[in-house]
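Okay, predicted coordinates and the sequence, questions at the end:
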Amino acid sequence: MYFIEERQASGSDVFSPALILARLSSVCAVLCIAWLTAANAADVTELPRGLQVKVDLAKKACKELDNGEFYLEWGAVEKVDLDGDLYSDWVLNEFGFTCSTAASLYCGTGGCTSHFLVIDEVHSLLNKGWDVVTFGAERVLLTQVHGSQCGGINPTPCVTASVWDSEEKTWRSTGAAWE
C-alpha cells in the first residue's frame, strides 16, 4: 500500500485505476488462453490407450495415402458423462480427423465414426451427430444415423437412442415396434 501511495504522490500514473484494470484484463486474457491451450493439448496427448489406437490407425491410413499428414482438429476429443456415474467418459470424433492428401478419408455420406470409451470399453458408431441427455435415471446417447438404418435412404430422418449397461459393458438400444 505504501509503495502505491508513494508512486501516486510522485505524480506517476503507473498505478492509476484504469491502468491497473487494463493490466489485470491482459493477465486474465493470457491465463485464459494458456488454460484453453493446455486443455486442448491435454486431450490430444493424454488420450486413453483404446482411443490412441484409433488415432494411430488414422495416422497410418493418411500416411499410406501419398504420404499425407494427419491432424487432430479442435472438437475431435470430448469428455462427457455417458453412463451416469458422474465421471466424464471419453469420446473421439472422426469428424475432427483431417488428412492433407484426402478430403474424405474419415467421413462419408453416412457421417463420421465416433468412438465412445466407457470404463475400459471402446465402442464405435457411424453417425451424423450425437448428444447425451438424461431421461429419468438413465443417461441416453442419441445419435443421428444414416436413413438406411430406418428403412429409408441417406436423407431419411433416423435417430437411435442407447443406454450403457455397466454390468454387461455394452450399449443397449432397440428398434421400436410402431403400430
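Now that the structure is in, tell me what you want to look at.

Report the secondary structure state of the most centrally placed residue in the chain.
In the chain, the residue lying closest to the centroid (C-alpha atoms, centre = their mean) is Glu78, at 2.4 Å. Secondary structure assignment for Glu78 (DSSP: H, G, I helix; E, B strand; the rest coil): strand.

Return the distance of Asp66 relative to Val159.
37 Å (C-beta to C-beta, to the nearest Å). In this view, the C-beta of every residue, glycine as well, is placed from N, C-alpha and C.

Pick out whichever of the two has more residues nearby.
Set side by side, Asp66 and Val159 show more neighbours around Val159, with 15 against 10, by other C-beta atoms under 10 Å.

nearest residue to that one other than its sequence neighbours?
Leaving aside its sequence neighbours, Val159 sits nearest to Gln144 (C-beta to C-beta, 6 or more residues apart in numbering; 5.5 Å).

before we move on, what about Asp66?
For Asp66, ignoring the flanking residues on the chain, the nearest one in space by C-beta to C-beta, 6+ apart is Thr101 at 4.3 Å.

who touches the one you found in this structure?
Cys62, Leu65, Asp66, Asn67, Gly68, Glu69 (C-beta atoms under 8 Å, 6 or more residues apart in numbering).
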